[in-house]
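Chemist: Quick one, structure for this:
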Amino acid sequence: MINRPIYINKIMSYADTPFVKILTGIRRCGKSTILKLLMDEMKKRGANDNQILHYSFDSLEYEDIKTAKPLFEYLKQHLFLDGKTYLFLDEIQEVKSWEKVVNSLMTDYNVDIYVTGSNSRMLSSEISTYLTGRYVSFRIYPLSFSEYITFRKEHTEILEPHIELANYLRLGGFPAVHLQKYTPDEVYTIVKDIYNSTIFTDIVRRNQIRKVDQLERIVKFTFDNVGRTFSAASISKYLKSENRVIDNETVYNYLSKLESAYILHRCSRFDVQGKEILKTQEKFYLADPALRYSVLGYSSDSVAAMLENVVYLELLRRGYDVFVGKLDNAEIDYVATKQENKLYIQVTQEISSPETEKREYGRLLGIRDNYPKYVLRTDVFAGGNYEGIKTMHIADFLLSNEY
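Modeler: Predicted structure coming up:
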């Protein structure tokens, strides 16, 4: 196993505290491996094997444990009675009302609990109802660019980061596709399987969706429009042009389900001058760029949008709340906030003319505050500053520790 310290360090800071640690994220992003890494960390801290219990509820071994009472009785019988028990419950959403079990164990026994899940049940109101004030949630993402380089080094030679970024963009960050050297076609076969499992298990079957073709058309529209603002009405209009009638509310419902399954991330707009979040014309980004290519096929004209996507995900990984900025009639790619920190970011594949340069930098120059401002690009450029705006190669930004 390759360590993922960005998550291990964050989660372990809550070890032995009275909070359930809940790890969520899209299928195959590495949650189960992180649980195993956490178990190893517990052993390094002195816990013995009898104190550590690990169960994967998507395994046939636990097929008969589907409701709260059998789960509670089973776990209770295996607890370590001479000290603390560390419980690691993988894919816990397979058990109905698991929140009641976890709450009871936390109340009545000396336990430290870590759970993972991959769908909307992990965001349900029941968690808040039964675990109010007693849990902390951690979103797990596919590999960052830095983690991707670490994984690739184990199995193949890697190129200089500015060049390797193109491979990362094309192959994505699902850990499974970097455990050995795969061709792009082999990668997309693996990722398409992840996509299908998520769509048909976590969305279609769980929500009893009958018009699967509608859902898939909405998926393809959003995948093809990453980084563009659009509304439910624009999707409805698009489907109508294909002789598919669907109302706005149904479109929003499907988009919400794609979010709940962690395939999509919704990015709201933020009025930089009015300092308020706007409710219309959001953008959507993908959990991983390889999802787009596995569903729609690879095309070079999608690179600019996928560059935006990887920057957006990196900001989320680092704990920022991320918005699309609105400044008069101009758009700022990202306004990222974290406590008292704020960043303004423009992402561009290249700046090939003075007009493009004026547009990309001019939008940031129009913001009258002293927070850091960045233009991120992938072409060759001279100098690192433009009237106080820092220019960086996207690969360098993704690997940087300065923000």
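Chemist: Give me the most central residue, this structure.
Modeler: Tyr141 (4.1 Å; CA atoms, centre = their mean).
Chemist: what residues are up against the closest residue to it other than its chain neighbours?
Modeler: Nearest residue to Tyr141 in three dimensions, chain neighbours excluded: Arg317, at 5.5 Å (CB to CB, 6 or more residues apart in numbering). Bear in mind the C-beta positions are built from the backbone N, C-alpha and C, glycine included. Neighbour list for Arg317: Ile6, Tyr141, Ser144 [criterion: CB atoms under 8 Å, 6 or more residues apart in numbering].
Chemist: Distance check, the residue nearest to Glu147 when sequence neighbours are not counted against Pro161.
Modeler: Using CB to CB, 6+ apart and skipping the chain neighbours, the partner closest in space to Glu147 is Arg4 (6.2 Å). Using CB to CB, to the nearest Å, Arg4 is found at 19 Å from Pro161.
Chemist: if I look at the residue lying farthest from the centre of the chain, how far off is Val111?
Modeler: Largest separation from the mean C-alpha position in the chain: Asp82, at 38.7 Å (CA atoms, centre = their mean). Separation of Asp82 from Val111 (CB to CB): 13 Å.
Chemist: before we move on, what about Tyr182?
Modeler: From Tyr182 to Val111 the distance is 40 Å (CB to CB).
Chemist: higher neighbour count, those two?
Modeler: Val111 (20 against 17; other CB atoms under 10 Å).
Chemist: Helix, strand, or coil at Val136?
Modeler: Classification of Val136 using DSSP: H, G, I helix; E, B strand; the rest coil returns strand.
Chemist: got the contact list for whatever helix or strand Tyr361 lives in?
Modeler: Using DSSP states H and E, Tyr361 sits in helix 354-365. With contact meaning CB under 8 Å, 6+ apart, helix 354-365 is reached by 327, 330-332, 344, 346, 348, 351, 373, 375, 386-387, 389.
Chemist: Who wins on neighbours among these?
Modeler: The contacts of helix 354-365, ranked by neighbours (other CB under 10 Å): first place Gln346, 25 neighbours.
Chemist: can you confirm that residue is in a strand?
Modeler: Yes: using three-state DSSP, the secondary structure at Gln346 is a strand.
Chemist: List the residues that contact it.
Modeler: Per CB under 8 Å, 6+ apart, neighbours of Gln346: Ile332, Asp333, Glu360, Tyr361, Arg363, Leu364, Tyr374, Val375, Leu376.
Chemist: I'd like the distance between the fourth one and Ile65.
Modeler: Tyr361 sits 58 Å away from Ile65, going by CB to CB.
Chemist: Out of the contacts of Gln346, which end up buried?
Modeler: Among those, those buried by neighbour count (16 or more other CB atoms under 10 Å) are Ile332, Asp333, Glu360, Tyr361, Arg363, Leu364, Tyr374, Val375, Leu376.
Chemist: Identify, from those residues, the entry nearest to Val226.
Modeler: Asp333 (12.5 Å; CB to CB).
Chemist: Can you name the residues that contact the closest one?
Modeler: Glu308, Val311, Val324, Gly325, Ile345, Gln346, Val347.
Chemist: pretty sure the third one is in contact with Phe270, am I right?
Modeler: Right, Val324. Yes: when contacts are counted by CB atoms under 8 Å, Val324 is listed as touching Phe270 (6.8 Å).
Chemist: which neighbours do those two share?
Modeler: The contact lists of Val324 and Phe270 share Val335, where a contact means CB under 8 Å, 6+ apart.
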